[in-house]
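**Student:** model the following, please.
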Amino acid sequence: MSQLIENTEAFVFNLFKSQLDQTFLYHNLTHTERVLRSLREIIEHSNIKPEDAEILELAALLHDTGYTKTTAGHEEESVKIATEFLTKNKVDQSTIDAINNCILATKFEGTPTTELEKIIRDADSSHFGKPYFDEASEFLRKELEIQGIKNHSTSEWLDENIKVLTKKHEFYTDYALKNWQKQKEENLAKLIKQKKKLKEQLNKEKLKAKYKAQYKSESPERGIQTFYRVALRNHIKLSDIADTKANILLSVNAIIISLVLSNLFSKLDNPSNAYLIIPTAIFTTSSVISMVLSIIATRPNVTRGQFSKEDVSNKNVNLAFFGNFHKMELNEFEWAITELLKDKDYLYSALTKDLYFLGKVLDRKYRILRITYSCFMIGIIVSVLAFAISFKLMN
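**Tutor:** Down below sits the predicted model:
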(Lines give C-alpha, C1' and ligand atoms only; values in the text may rest on other atoms or scores of the structure.)
Protein backbone atom coordinates (compact mmCIF):
# COMPACT_ATOMS: atom_id res chain seq x y z
CA MET A 1 0.00 0.00 0.00
CA SER A 2 1.38 3.41 -1.01
CA GLN A 3 1.96 6.17 1.49
CA LEU A 4 -0.63 8.33 -0.30
CA ILE A 5 -3.38 5.75 0.24
CA GLU A 6 -2.42 5.42 3.93
CA ASN A 7 -2.58 9.21 4.29
CA THR A 8 -5.94 9.28 2.50
CA GLU A 9 -7.36 6.59 4.80
CA ALA A 10 -6.27 8.57 7.85
CA PHE A 11 -7.69 11.78 6.37
CA VAL A 12 -11.08 10.21 5.59
CA PHE A 13 -11.25 8.58 9.04
CA ASN A 14 -10.59 11.89 10.83
CA LEU A 15 -12.93 13.80 8.52
CA PHE A 16 -15.85 11.45 9.15
CA LYS A 17 -15.06 11.31 12.84
CA SER A 18 -15.09 15.08 13.31
CA GLN A 19 -17.48 16.41 10.65
CA LEU A 20 -19.92 13.68 9.54
CA ASP A 21 -23.32 13.93 11.25
CA GLN A 22 -24.40 10.91 13.32
CA THR A 23 -27.62 10.64 11.32
CA PHE A 24 -25.67 9.14 8.41
CA LEU A 25 -26.31 5.50 9.27
CA TYR A 26 -25.48 4.25 5.78
CA HIS A 27 -23.20 6.81 4.13
CA ASN A 28 -20.42 6.63 6.68
CA LEU A 29 -16.98 5.09 7.20
CA THR A 30 -18.40 1.54 7.21
CA HIS A 31 -19.84 2.04 3.74
CA THR A 32 -16.56 3.53 2.50
CA GLU A 33 -14.60 0.56 3.84
CA ARG A 34 -17.03 -1.88 2.19
CA VAL A 35 -16.66 -0.08 -1.14
CA LEU A 36 -12.87 -0.20 -0.79
CA ARG A 37 -12.91 -3.95 -0.04
CA SER A 38 -15.20 -4.64 -3.01
CA LEU A 39 -12.98 -2.47 -5.22
CA ARG A 40 -9.84 -4.37 -4.22
CA GLU A 41 -11.72 -7.63 -4.85
CA ILE A 42 -12.41 -6.54 -8.44
CA ILE A 43 -8.85 -5.21 -8.95
CA GLU A 44 -7.36 -8.47 -7.68
CA HIS A 45 -9.25 -10.42 -10.34
CA SER A 46 -8.75 -7.91 -13.19
CA ASN A 47 -5.87 -6.73 -15.33
CA ILE A 48 -5.57 -3.25 -13.84
CA LYS A 49 -2.35 -1.23 -13.94
CA PRO A 50 -0.91 -0.31 -10.51
CA GLU A 51 -1.35 3.41 -11.18
CA ASP A 52 -5.00 2.86 -12.18
CA ALA A 53 -5.56 0.71 -9.10
CA GLU A 54 -4.26 3.56 -6.93
CA ILE A 55 -6.60 6.02 -8.67
CA LEU A 56 -9.56 3.73 -7.99
CA GLU A 57 -8.65 3.21 -4.32
CA LEU A 58 -8.24 6.94 -3.76
CA ALA A 59 -11.58 7.57 -5.47
CA ALA A 60 -13.26 4.91 -3.32
CA LEU A 61 -11.89 6.48 -0.14
CA LEU A 62 -12.88 10.03 -1.09
CA HIS A 63 -16.16 9.48 -2.98
CA ASP A 64 -18.50 10.10 0.00
CA THR A 65 -16.55 12.83 1.82
CA GLY A 66 -19.00 15.37 0.38
CA TYR A 67 -21.64 14.15 2.84
CA THR A 68 -19.79 16.16 5.49
CA LYS A 69 -20.98 19.27 3.60
CA THR A 70 -24.28 18.39 1.94
CA THR A 71 -26.54 15.53 0.88
CA ALA A 72 -27.76 16.87 -2.46
CA GLY A 73 -24.85 17.15 -4.85
CA HIS A 74 -22.42 15.48 -2.46
CA GLU A 75 -20.38 14.09 -5.38
CA GLU A 76 -19.39 17.63 -6.44
CA GLU A 77 -18.44 18.45 -2.83
CA SER A 78 -16.43 15.24 -2.69
CA VAL A 79 -14.55 16.38 -5.80
CA LYS A 80 -13.71 19.70 -4.11
CA ILE A 81 -12.50 18.00 -0.94
CA ALA A 82 -10.50 15.45 -2.93
CA THR A 83 -8.88 18.15 -5.10
CA GLU A 84 -7.84 20.19 -2.06
CA PHE A 85 -6.45 17.16 -0.21
CA LEU A 86 -4.62 15.69 -3.21
CA THR A 87 -3.14 19.04 -4.17
CA LYS A 88 -1.72 19.42 -0.65
CA ASN A 89 -0.19 15.97 -1.05
CA LYS A 90 1.45 17.07 -4.34
CA VAL A 91 -0.50 14.75 -6.64
CA ASP A 92 -0.26 15.75 -10.31
CA GLN A 93 -3.28 17.30 -11.94
CA SER A 94 -3.92 14.50 -14.44
CA THR A 95 -4.20 11.98 -11.58
CA ILE A 96 -6.48 14.33 -9.65
CA ASP A 97 -8.71 14.66 -12.72
CA ALA A 98 -8.86 10.89 -13.13
CA ILE A 99 -9.80 10.45 -9.45
CA ASN A 100 -12.48 13.14 -9.73
CA ASN A 101 -13.98 11.47 -12.81
CA CYS A 102 -14.24 8.21 -10.87
CA ILE A 103 -15.93 10.02 -7.96
CA LEU A 104 -18.48 11.59 -10.31
CA ALA A 105 -19.06 8.17 -11.88
CA THR A 106 -20.56 6.98 -8.56
CA LYS A 107 -23.68 8.99 -9.38
CA PHE A 108 -26.48 6.52 -9.86
CA GLU A 109 -27.71 8.34 -12.95
CA GLY A 110 -26.03 7.75 -16.29
CA THR A 111 -23.93 4.91 -17.63
CA PRO A 112 -20.18 4.61 -16.95
CA THR A 113 -18.06 4.61 -20.08
CA THR A 114 -14.45 3.87 -19.12
CA GLU A 115 -13.19 0.72 -17.42
CA LEU A 116 -12.27 2.65 -14.28
CA GLU A 117 -15.74 4.17 -14.06
CA LYS A 118 -17.35 0.74 -14.42
CA ILE A 119 -15.17 -0.68 -11.64
CA ILE A 120 -15.86 2.16 -9.19
CA ARG A 121 -19.59 2.03 -9.97
CA ASP A 122 -19.74 -1.72 -9.32
CA ALA A 123 -17.75 -1.34 -6.09
CA ASP A 124 -20.03 1.45 -4.85
CA SER A 125 -23.17 -0.63 -5.49
CA SER A 126 -21.64 -3.97 -4.51
CA HIS A 127 -24.00 -4.29 -1.52
CA PHE A 128 -26.76 -5.24 -4.00
CA GLY A 129 -24.84 -8.48 -4.59
CA LYS A 130 -23.71 -9.10 -1.01
CA PRO A 131 -25.24 -11.09 1.88
CA TYR A 132 -25.40 -7.90 3.98
CA PHE A 133 -27.81 -6.24 1.53
CA ASP A 134 -30.75 -6.36 3.99
CA GLU A 135 -28.72 -4.66 6.71
CA ALA A 136 -27.39 -1.94 4.38
CA SER A 137 -30.86 -1.35 2.93
CA GLU A 138 -32.43 -0.92 6.36
CA PHE A 139 -29.68 1.51 7.42
CA LEU A 140 -30.31 3.59 4.30
CA ARG A 141 -34.06 3.60 4.97
CA LYS A 142 -33.51 4.72 8.55
CA GLU A 143 -31.04 7.40 7.43
CA LEU A 144 -33.59 8.91 5.04
CA GLU A 145 -36.23 8.82 7.79
CA ILE A 146 -34.06 10.44 10.49
CA GLN A 147 -32.88 13.18 8.16
CA GLY A 148 -36.47 13.97 7.19
CA ILE A 149 -35.85 13.24 3.50
CA LYS A 150 -38.53 10.57 3.18
CA ASN A 151 -40.33 8.16 5.47
CA HIS A 152 -40.99 4.85 3.70
CA SER A 153 -43.42 2.27 4.94
CA THR A 154 -42.37 -1.39 4.79
CA SER A 155 -44.38 -1.92 1.62
CA GLU A 156 -43.06 1.25 -0.04
CA TRP A 157 -39.44 0.37 0.79
CA LEU A 158 -39.87 -3.14 -0.64
CA ASP A 159 -41.28 -1.62 -3.83
CA GLU A 160 -38.40 0.85 -4.03
CA ASN A 161 -35.75 -1.86 -3.59
CA ILE A 162 -37.41 -4.16 -6.12
CA LYS A 163 -37.59 -1.27 -8.59
CA VAL A 164 -33.91 -0.44 -8.10
CA LEU A 165 -32.71 -4.03 -8.48
CA THR A 166 -34.86 -4.74 -11.54
CA LYS A 167 -34.83 -1.46 -13.47
CA LYS A 168 -32.18 0.94 -12.23
CA HIS A 169 -29.14 -1.11 -11.28
CA GLU A 170 -26.83 -3.36 -13.22
CA PHE A 171 -23.27 -4.62 -12.82
CA TYR A 172 -20.80 -3.60 -15.54
CA THR A 173 -17.58 -5.53 -14.85
CA ASP A 174 -17.13 -9.19 -15.73
CA TYR A 175 -16.08 -10.03 -12.17
CA ALA A 176 -19.20 -8.47 -10.65
CA LEU A 177 -21.44 -10.24 -13.16
CA LYS A 178 -19.83 -13.61 -12.44
CA ASN A 179 -19.55 -13.34 -8.65
CA TRP A 180 -22.15 -10.85 -7.40
CA GLN A 181 -25.03 -11.15 -9.85
CA LYS A 182 -26.19 -14.46 -8.36
CA GLN A 183 -26.38 -13.01 -4.83
CA LYS A 184 -28.17 -9.96 -6.24
CA GLU A 185 -30.80 -12.23 -7.80
CA GLU A 186 -31.19 -14.07 -4.49
CA ASN A 187 -31.64 -10.75 -2.70
CA LEU A 188 -34.23 -9.75 -5.31
CA ALA A 189 -36.05 -13.07 -4.90
CA LYS A 190 -36.13 -12.54 -1.14
CA LEU A 191 -37.59 -9.05 -1.61
CA ILE A 192 -40.27 -10.36 -3.96
CA LYS A 193 -41.11 -13.12 -1.49
CA GLN A 194 -41.36 -10.59 1.35
CA LYS A 195 -43.56 -8.38 -0.81
CA LYS A 196 -45.85 -11.28 -1.65
CA LYS A 197 -46.08 -12.32 1.99
CA LEU A 198 -46.80 -8.74 3.08
CA LYS A 199 -49.43 -8.39 0.36
CA GLU A 200 -51.14 -11.61 1.48
CA GLN A 201 -51.06 -10.43 5.07
CA LEU A 202 -52.55 -7.04 4.15
CA ASN A 203 -55.24 -8.70 2.03
CA LYS A 204 -56.03 -11.05 4.89
CA GLU A 205 -56.34 -8.15 7.32
CA LYS A 206 -58.51 -6.19 4.87
CA LEU A 207 -60.75 -9.20 4.33
CA LYS A 208 -60.96 -9.79 8.06
CA ALA A 209 -61.84 -6.13 8.66
CA LYS A 210 -64.40 -6.26 5.84
CA TYR A 211 -66.16 -9.33 7.22
CA LYS A 212 -65.99 -7.94 10.73
CA ALA A 213 -67.62 -4.70 9.61
CA GLN A 214 -70.16 -6.65 7.55
CA TYR A 215 -70.90 -8.88 10.51
CA LYS A 216 -71.45 -5.89 12.74
CA SER A 217 -73.71 -4.13 10.26
CA GLU A 218 -75.71 -7.09 8.91
CA SER A 219 -75.89 -9.58 11.77
CA PRO A 220 -78.27 -8.73 14.62
CA GLU A 221 -76.54 -11.21 16.95
CA ARG A 222 -74.21 -8.67 18.51
CA GLY A 223 -77.02 -6.17 19.10
CA ILE A 224 -79.23 -8.88 20.61
CA GLN A 225 -76.49 -10.04 22.96
CA THR A 226 -75.77 -6.47 24.00
CA PHE A 227 -79.46 -5.88 24.71
CA TYR A 228 -79.78 -8.94 26.97
CA ARG A 229 -76.47 -8.19 28.70
CA VAL A 230 -77.39 -4.57 29.46
CA ALA A 231 -80.99 -5.32 30.42
CA LEU A 232 -80.05 -8.17 32.80
CA ARG A 233 -77.28 -6.12 34.36
CA ASN A 234 -79.66 -3.20 34.94
CA HIS A 235 -82.24 -5.52 36.52
CA ILE A 236 -79.65 -6.98 38.89
CA LYS A 237 -78.45 -3.49 39.86
CA LEU A 238 -82.02 -2.37 40.55
CA SER A 239 -82.56 -5.48 42.69
CA ASP A 240 -79.41 -4.65 44.68
CA ILE A 241 -80.65 -1.08 45.16
CA ALA A 242 -84.03 -2.34 46.43
CA ASP A 243 -82.32 -4.70 48.91
CA THR A 244 -80.10 -1.86 50.09
CA LYS A 245 -83.11 0.41 50.66
CA ALA A 246 -84.89 -2.33 52.63
CA ASN A 247 -81.79 -2.93 54.76
CA ILE A 248 -81.58 0.79 55.53
CA LEU A 249 -85.17 0.81 56.76
CA LEU A 250 -84.58 -2.33 58.85
CA SER A 251 -81.52 -0.79 60.49
CA VAL A 252 -83.18 2.58 61.17
CA ASN A 253 -86.36 1.04 62.63
CA ALA A 254 -84.38 -1.41 64.74
CA ILE A 255 -82.51 1.53 66.26
CA ILE A 256 -85.79 3.42 66.81
CA ILE A 257 -87.44 0.46 68.57
CA SER A 258 -84.35 -0.05 70.74
CA LEU A 259 -84.47 3.59 71.81
CA VAL A 260 -88.24 3.43 72.51
CA LEU A 261 -87.89 0.28 74.59
CA SER A 262 -84.97 1.61 76.60
CA ASN A 263 -86.17 5.20 77.16
CA LEU A 264 -89.95 5.54 76.80
CA PHE A 265 -91.39 2.21 77.95
CA SER A 266 -89.69 2.47 81.34
CA LYS A 267 -91.48 5.79 81.97
CA LEU A 268 -95.01 4.60 81.09
CA ASP A 269 -95.45 2.91 84.54
CA ASN A 270 -95.65 6.35 86.12
CA PRO A 271 -99.27 7.73 85.99
CA SER A 272 -97.87 11.21 85.37
CA ASN A 273 -96.54 9.97 82.00
CA ALA A 274 -99.82 8.50 80.80
CA TYR A 275 -99.98 11.15 78.06
CA LEU A 276 -97.00 9.41 76.36
CA ILE A 277 -98.77 6.09 75.85
CA ILE A 278 -100.64 6.91 72.62
CA PRO A 279 -97.73 8.70 70.86
CA THR A 280 -95.34 5.92 71.86
CA ALA A 281 -97.77 3.26 70.60
CA ILE A 282 -98.11 5.05 67.25
CA PHE A 283 -94.34 5.51 66.97
CA THR A 284 -93.62 1.87 67.79
CA THR A 285 -96.39 0.51 65.57
CA SER A 286 -95.17 2.45 62.50
CA SER A 287 -91.61 1.21 63.06
CA VAL A 288 -92.73 -2.40 63.44
CA ILE A 289 -94.88 -2.19 60.31
CA SER A 290 -91.93 -0.70 58.37
CA MET A 291 -89.64 -3.51 59.56
CA VAL A 292 -92.14 -6.21 58.63
CA LEU A 293 -92.68 -4.78 55.15
CA SER A 294 -88.90 -4.44 54.63
CA ILE A 295 -88.47 -8.11 55.52
CA ILE A 296 -91.28 -9.11 53.15
CA ALA A 297 -89.66 -7.09 50.33
CA THR A 298 -86.31 -8.87 50.69
CA ARG A 299 -87.58 -12.32 51.65
CA PRO A 300 -86.66 -14.86 48.93
CA ASN A 301 -89.27 -17.15 47.41
CA VAL A 302 -88.59 -20.89 47.54
CA THR A 303 -89.21 -22.75 44.26
CA ARG A 304 -89.38 -26.47 43.56
CA GLY A 305 -85.98 -26.45 41.82
CA GLN A 306 -86.72 -29.35 39.46
CA PHE A 307 -87.93 -29.92 35.94
CA SER A 308 -88.53 -32.85 33.63
CA LYS A 309 -87.22 -33.69 30.18
CA GLU A 310 -90.67 -32.93 28.84
CA ASP A 311 -90.37 -29.39 30.23
CA VAL A 312 -87.11 -28.97 28.30
CA SER A 313 -88.51 -30.50 25.12
CA ASN A 314 -91.57 -28.25 25.32
CA LYS A 315 -89.41 -25.25 26.22
CA ASN A 316 -91.42 -24.61 29.36
CA VAL A 317 -88.51 -24.21 31.78
CA ASN A 318 -86.20 -21.24 32.24
CA LEU A 319 -82.70 -22.66 32.67
CA ALA A 320 -81.23 -19.21 33.25
CA PHE A 321 -82.77 -19.03 36.75
CA PHE A 322 -81.18 -21.13 39.50
CA GLY A 323 -84.51 -21.66 41.26
CA ASN A 324 -85.59 -23.97 38.45
CA PHE A 325 -82.70 -26.43 38.71
CA HIS A 326 -81.03 -26.19 42.14
CA LYS A 327 -82.37 -29.62 43.17
CA MET A 328 -81.40 -31.33 39.89
CA GLU A 329 -78.54 -33.80 39.44
CA LEU A 330 -75.49 -32.50 37.54
CA ASN A 331 -75.85 -34.88 34.58
CA GLU A 332 -79.51 -33.91 34.12
CA PHE A 333 -78.66 -30.23 34.24
CA GLU A 334 -75.78 -30.65 31.75
CA TRP A 335 -78.11 -32.45 29.36
CA ALA A 336 -80.67 -29.66 29.64
CA ILE A 337 -78.05 -26.97 28.99
CA THR A 338 -76.78 -28.90 25.95
CA GLU A 339 -80.31 -29.01 24.57
CA LEU A 340 -80.70 -25.30 25.28
CA LEU A 341 -77.50 -24.36 23.43
CA LYS A 342 -78.52 -26.40 20.38
CA ASP A 343 -81.57 -24.21 19.85
CA LYS A 344 -80.89 -20.49 19.46
CA ASP A 345 -84.58 -19.63 19.72
CA TYR A 346 -84.85 -21.61 22.97
CA LEU A 347 -81.77 -19.83 24.31
CA TYR A 348 -83.19 -16.39 23.59
CA SER A 349 -86.55 -17.53 24.98
CA ALA A 350 -84.84 -18.53 28.25
CA LEU A 351 -83.10 -15.17 28.48
CA THR A 352 -86.37 -13.39 27.75
CA LYS A 353 -88.15 -15.34 30.48
CA ASP A 354 -85.35 -14.63 32.91
CA LEU A 355 -85.58 -10.93 32.06
CA TYR A 356 -89.36 -10.97 32.44
CA PHE A 357 -89.43 -12.71 35.81
CA LEU A 358 -86.64 -10.50 37.12
CA GLY A 359 -88.85 -7.59 36.19
CA LYS A 360 -91.78 -9.15 38.06
CA VAL A 361 -89.62 -9.58 41.16
CA LEU A 362 -88.47 -5.98 40.89
CA ASP A 363 -92.05 -4.81 40.54
CA ARG A 364 -93.03 -6.65 43.75
CA LYS A 365 -89.99 -5.36 45.67
CA TYR A 366 -90.44 -1.74 44.67
CA ARG A 367 -94.20 -1.78 45.33
CA ILE A 368 -93.66 -3.13 48.85
CA LEU A 369 -90.76 -0.69 49.37
CA ARG A 370 -92.95 2.23 48.30
CA ILE A 371 -95.60 1.17 50.84
CA THR A 372 -92.88 0.68 53.48
CA TYR A 373 -91.39 4.13 52.98
CA SER A 374 -94.90 5.65 52.98
CA CYS A 375 -95.78 3.91 56.28
CA PHE A 376 -92.48 4.97 57.81
CA MET A 377 -92.94 8.59 56.68
CA ILE A 378 -96.57 8.78 57.81
CA GLY A 379 -95.74 7.04 61.11
CA ILE A 380 -92.97 9.54 61.86
CA ILE A 381 -95.21 12.51 61.04
CA VAL A 382 -98.20 11.20 63.05
CA SER A 383 -95.95 10.26 65.97
CA VAL A 384 -94.38 13.71 66.10
CA LEU A 385 -97.85 15.33 65.95
CA ALA A 386 -99.13 12.95 68.65
CA PHE A 387 -96.22 13.80 70.94
CA ALA A 388 -96.81 17.53 70.33
CA ILE A 389 -100.55 17.28 71.07
CA SER A 390 -99.92 15.15 74.18
CA PHE A 391 -97.40 17.64 75.56
CA LYS A 392 -99.82 20.51 74.92
CA LEU A 393 -102.76 18.74 76.59
CA MET A 394 -100.59 17.78 79.56
CA ASN A 395 -99.54 21.41 80.07
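**Student:** how many residues are close by residue 46?
**Tutor:** 14 (other CB atoms under 10 Å). All C-beta atoms are positioned from the backbone trio N, CA, C, and that covers glycine.
**Student:** repeat that for the one 4 residues further on.
**Tutor:** Residue 50 has 9 neighbouring residues, counting by other CB under 10 Å.
**Student:** ok, residue 29 next?
**Tutor:** Around residue 29 there are 16 residues (other CB under 10 Å).
**Student:** secondary structure element for the closest residue to it other than its chain neighbours?
**Tutor:** Spatial nearest neighbour of residue 29, chain neighbours left out: residue 16 (4.8 Å); criterion: CB to CB, 6 or more residues apart in numbering. Following DSSP states H and E, one finds residue 16 within helix 3-19.
**Student:** so where's this protein shaky on pLDDT?
**Tutor:** Within the chain, the stretches with pLDDT under 70 are 1, 211-220, 265-270, 272-273, 302-309, 311-326, 395.
**Student:** how is it divided into domains?
**Tutor:** What automatic domain parsing lists as the domains of the chain is 3-210, 221-394.
**Student:** span of the last one from start to end?
**Tutor:** Right, the one you point to is domain 221-394. End-to-end distance of domain 221-394 (CA to CA, to the nearest Å): 73 Å.
**Student:** which strands or helices does the helix or strand hosting residue 189 pack on?
**Tutor:** Counting by DSSP H and E, the element that carries residue 189 is helix 181-218. Contact here means 3 or more CB pairs under 8 Å, 6 or more residues apart in numbering; DSSP states H and E; on that basis helix 181-218 packs against helix 133-146, helix 154-163.
**Student:** which ones are touching the residue nearest to residue 29?
**Tutor:** Residues in contact with residue 16, defined by CB atoms under 8 Å, 6 or more residues apart in numbering, are 28-29, 32, 65, 68.
**Student:** quick check: it vs residue 63, distance?
**Tutor:** 13 Å (CB to CB, to the nearest Å).
**Student:** find residues that contact each of the two.
**Tutor:** Common contact partners of residue 16 and residue 63 (CB under 8 Å, 6+ apart): residue 32.
**Student:** re the thing from before, what sits up against whichever helix or strand comes after the helix holding residue 16?
**Tutor:** Of the helices and strands lying after helix 3-19 in sequence (DSSP H and E), the nearest is helix 29-44. Helix 29-44 is contacted by residues 12-13, 16-17, 20, 53, 56-57, 60-61, 63-64, 119-120, 122-124, 126-127, 130, 132, 136, 173, 175-176 when judged by CB under 8 Å, 6+ apart.
**Student:** now do stretch 138-152
**Tutor:** 23-27, 71, 157, 160.
**Student:** before we move on, the earlier item: just the angle for the helix holding residue 16 relative to helix 29-44, thanks.
**Tutor:** Here helix 3-19 points in a direction 160 degrees away from that of helix 29-44 (axes from the mean of the first three to the mean of the last three CA atoms, to 10 degrees).
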